[in-house]
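> Sharing a model prediction with you, sequence too.
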Amino acid sequence: MSPRTPGADLPEHPDFLWRSPEPKRSYDVVLVGGGGHGLATAHYLAKNHGITNVAVLEKGWLAGGNMARNTTIIRSNYLWDESSAIYEHALKLWEGLEEDLGYPILFSQRGVLNLAHTLQDVRDSVRRVEANKLNGIDAEWLEPDEVRKICPVVNTSADIRYPVLGATYQPRAGIAKHDYVAWGFARRADEAGIDLIQDCAVTGFATDGNRVTGVHTTRGTIAAGKVALCAAGHTSVLTDMLGIRVPVQSHPLQALVSELLEPVHPTVVMSNAVHVYVSQAHKGELVMGAGVDSYNGYGQRGAFHIIERQMAAAVELFPVFARAHLLRTWGGIVDVSPDASPIVGRTPYDNLYLNCGWGTGGFKATPGIGSALAHTIAHDEPHPYVAPFSLDRFVTGALVDEHGAAAVAH
Amino acid sequence: MQLIECPWCGPREEVEFSYGGQAHVPYPDDPGGLSDEEWAHYVFFRDNTKGRFAERWNHSIGCRRWFNAIRDTATYRFERVYRLDDPKPVTP
């Protein structure tokens, strides 16, 4: 029998979930960035506002940036009213998203434990739980024995270097399958007639006074009625072209997965002090992340000693993981703002909207920011959920300091 | 591990260093005369260059001295290091 050509037995390519159209010369709305936020914004522009003459421009492939590189944790247990409002809005949308998109996203509300290891951690955590309750968010303070009941693999013994003194618990938090989320949004946006244009990098902007009139791209110039930037770590590259300064710094944020294991870890565990966050994906791999690499970087990779530290933290908290093998590590580029809160809304240009600064926590916000940004674009007025996150808060001083609840060191 | 050239100690491992952000951001000459917006830019806004970036580093687990570096933020390659009191080098 003669050898078969490699690949000859592979099935046909499944149906594509969206078209790959040539860009038109002009759109009512151009969204720069085809990640989760750009795609969600496109979906809600069509669904909630009937705006479908829209292009999403993506310099690579759809959802191949941070959307493909995050640890998929979804929660809304932030400290301040402004943050809990938008993240809780997002969480409520997540709860109905499969139905809305008509597409499976493997949203699993398995709860999140945020561990406390010091007296100050305990005080901050209890304060955050009470703040969450006042905002109608499910939150509880758990003692170590209750932590052990929910997640038996966490080391709650008193003789480790940083003993677990308790944890905050949000039962409605969870994880989702990030690729399916992006594909679900992309499919719906495409069905509505929105053009998703990949391999289309923005190289400049055409402006006329206080208006952006078009976008120069590697696939030609595209005229735009309104433009919104959803480019995460590359936001500064775009705003530099426009002469706008935005107070974000781009850092590599690394994550990793283990080989596939039997189900062992039933929830999501985050620890600020020992510093790692861990969940187990549906397929069985342990998904972990920790803090950003300290230096500014656009390289979509980071230093290995950061990985080493986060594995040390994971093994400290989960001794049972000690013999698991690391399968893969990667990095995304996150745009970190001075107060660890997003920057969304108006810009010095009348028809240009900004959506950046989500830093290490953008995935969980995907449907929430998509709907709020779509509203902001459609009505030319910041949605109440994003109004507190305006660019001018750095001048007024009305910061939303979420360095604690952001739960990722930066 | 990446080696970083400390101007005083020579090449040492990256873990010995800590990052200090953008270099050459002088304290305002006339602090009392600044508007809120100018203060905001001094306190919160820094360049976020993709490519060659002049930045501050500290050899924190070594000689503990500060220095400046030109580093490429896309490749992470250090192109040169120089003393804090040296002017910003002209790069091509």
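Perfect, thanks for sending it.

> Verify the stated contact: A:V276 with A:V287.
No. A:V276 is not in contact with A:V287 according to CB atoms under 8 Å; the separation is 10.9 Å. All C-beta spots, glycine's among them, are computed from the backbone N, C-alpha and C.

> For the helix or strand that A:V215 is a member of, name the packing helices and strands.
Using DSSP states H and E, A:V215 sits within strand A:211-217. In terms of contacts (3 or more CB pairs under 8 Å, 6 or more residues apart in numbering or on different chains; DSSP states H and E), strand A:211-217 is packed against strand A:202-208, strand A:220-229.

> For the host helix or strand of B:I4, buried residues please.
Assessed by DSSP H and E, B:I4 sits inside strand B:3-6. Neighbour counts over strand B:3-6 (16 or more other CB atoms under 10 Å in any protein chain shown) mark B:4, B:6 as buried.

> sorry, back to before: want to throw the helices and strands packed on strand A:211-217 into a markdown table with mean pLDDT?
Below are the helices and strands packed on strand A:211-217 laid out as a markdown table (pLDDT from 0 to 100):
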| stretch | mean pLDDT |
| --- | --- |
| strand A:202-208 | 98 |
| strand A:220-229 | 98 |
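
> Determine which stretch of those is the most buried.
Neighbour counts (mean count of other CB atoms under 10 Å in any protein chain shown) averaged over each of those peak at strand A:220-229, with a mean of 22.

> Pick out the residue in chain B sitting closest to chain A.
B:N48 (3.7 Å; CB to the nearest CB).

> Once you drop chain neighbours, what's closest to that residue?
In this structure, B:N48 finds its nearest non-sequential neighbour in A:S236, 3.7 Å apart by CB to CB, 6 or more residues apart in numbering or on different chains.

> and the one helix or strand that neighbour maps to, what does it pack onto?
Using DSSP H and E, A:S236 sits in helix A:235-242. Judged by 3+ CB pairs under 8 Å, 6+ apart, helix A:235-242 is in contact with strand A:202-208, strand A:220-229, strand A:352-356.

> which parts of chain B sit against chain A?
Remark: the part of chain B in contact with chain A comprises B:1-2, B:14-15, B:18-19, B:21, B:36-37, B:40-41, B:43-50, B:53, B:55, B:71, B:73-76, using CB under 8 Å from any CB of the partner chain.

> one more time with 6 Å, if that's ok
Contact residues (CB under 6 Å from any CB of the partner chain) of chain B with chain A: B:15, B:19, B:36-37, B:40, B:44-45, B:48, B:50, B:73-74, B:76.

> Buried subset of these as a ChimeraX selection?
The following ChimeraX line selects those of the residues of chain B next to chain A that are buried, judged by 16+ other CB under 10 Å:
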select /B:15,19,40,44,45,48,50,73,76
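
> Which residue, other than its chain neighbours, is closest to A:A90?
Counting by CB to CB, 6+ apart, the nearest residue to A:A90 once its immediate chain neighbours are dropped is A:G368, at 2.6 Å.

> What's the separation between the one you found and chain B?
Between A:G368 and chain B the distance is 25 Å, computed by CB to the nearest CB, to the nearest Å.

> A:R346 now?
Per CB to the nearest CB, A:R346 is found 15 Å from chain B.

> Beta-bridge partners for that residue, please?
Beta-bridge partners of A:R346, counted by DSSP bridges, are A:Y353.

> Show the model's pLDDT score for it.
Here, the pLDDT recorded for A:R346 equals 97.
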